[in-house]
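J.: From the sequence below, what's the structure:
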Amino acid sequence: MRPRPLPASVLLLALILTSTAASCPPQTASPEQRAAHYANEAVLKIGEIQSAAISANAAGALTDRHAVTVVRFTTASVRTIRQTPFGWAPLVKTAYTEVKLAVPAPPGSALATTYAVLDALFTTIQTGAP
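T.: This next block holds a predicted model:
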C-alpha cells in the first residue's frame with residue numbers, strides 16, 4: 001500500500017515557511033541591516049496577502065467588502081513601513097491582527113497560507129530570532 005501524498009496546500013505552506021526561515025539576515029548584520037531586511041520581508045509578504053485576497057475575490061471566495069479591507073490594510077502598511085523604518089512592526093502588527101479578525105481566510109486557501117507566513121515573520125521579529 002502506497003502512502004497518501006500530501007495535499008498541495010500543505011506542501012505550499014511548508015515551502016513558504018522554509019523560504020521565510022531561509023531569508024533571515026546573517027547574525028553578523030547590524031541592527032540597521034536587520035531592520036531593513038525585516039521591513040523588506042514584511043513588504044513582500046504583505047504584497048502576497050493582497051494578491052491572495054484579490055484572487056480569492058475574483059474566484060468568489062472573498063466578498064468585495066473583505067477584499068477592500070485587505071487592500072486598504074496592505075497599502076497603509078507599506079506606507080507605514082516606508083515612513084517609519086525602525087518603528088513599523090507594532091503598528092503594522094496591530095492593523096494586521098484587526099484585518100485577520102475582520103477577514104477570516106478560508107482553511108487551506110492561499111490567503112490562509114499568506115496569513116501564516118506573516119504570522120511567522122512577526123514571531124521572528126518579536127523574538128529577535130536570526
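J.: what sits up against stretch 82-93?
T.: Here stretch 82-93 makes contact (CB atoms under 8 Å, 6 or more residues apart in numbering) with A35, A36, Y38, A39, A42, I46, S77, T80, I81, F122, I125, Q126. Every residue, glycine included, has its C-beta placed from N, CA and C.
J.: what do you get if the cut-off is 7 Å, keeping everything else the same?
T.: For stretch 82-93, contacts defined as CB atoms under 7 Å, 6 or more residues apart in numbering pick out A35, A39, A42, S77, T80, I81, F122, I125.
J.: so of these, which ones are in helices?
T.: A35, A39, A42, S77, T80, I81, F122, I125 (DSSP state H).
J.: so how far is K45 from the closest residue to the second one other than its chain neighbours?
T.: Meaning A39. Leaving aside its chain neighbours, A39 sits nearest to I81 (5.1 Å; criterion: CB to CB, 6 or more residues apart in numbering). Remark: distance between I81 and K45 (CB to CB, to the nearest Å) = 11 Å.
J.: between these two, which one's more packed in?
T.: K45 (23 against 20; other CB atoms under 10 Å).
J.: Which helix or strand contains the more buried one?
T.: Using DSSP states H and E, K45 sits within helix 31-58.
J.: try D119
T.: helix 110-127.
J.: just the angle between that helix and helix 31-58, please?
T.: Helix 110-127 runs at 160 degrees relative to helix 31-58, counting by axes from the mean of the first three to the mean of the last three CA atoms, to 10 degrees.
J.: Could you list the buried residues of stretch 84-100?
T.: Across stretch 84-100, burial judged by 16 or more other CB atoms under 10 Å covers W88, A89, V92, K93, A95, Y96, V99, K100.
J.: Now intersect these with the helices, please.
T.: Among those, the ones falling in helices (DSSP H) are W88, A89, V92, K93, A95, Y96, V99, K100.
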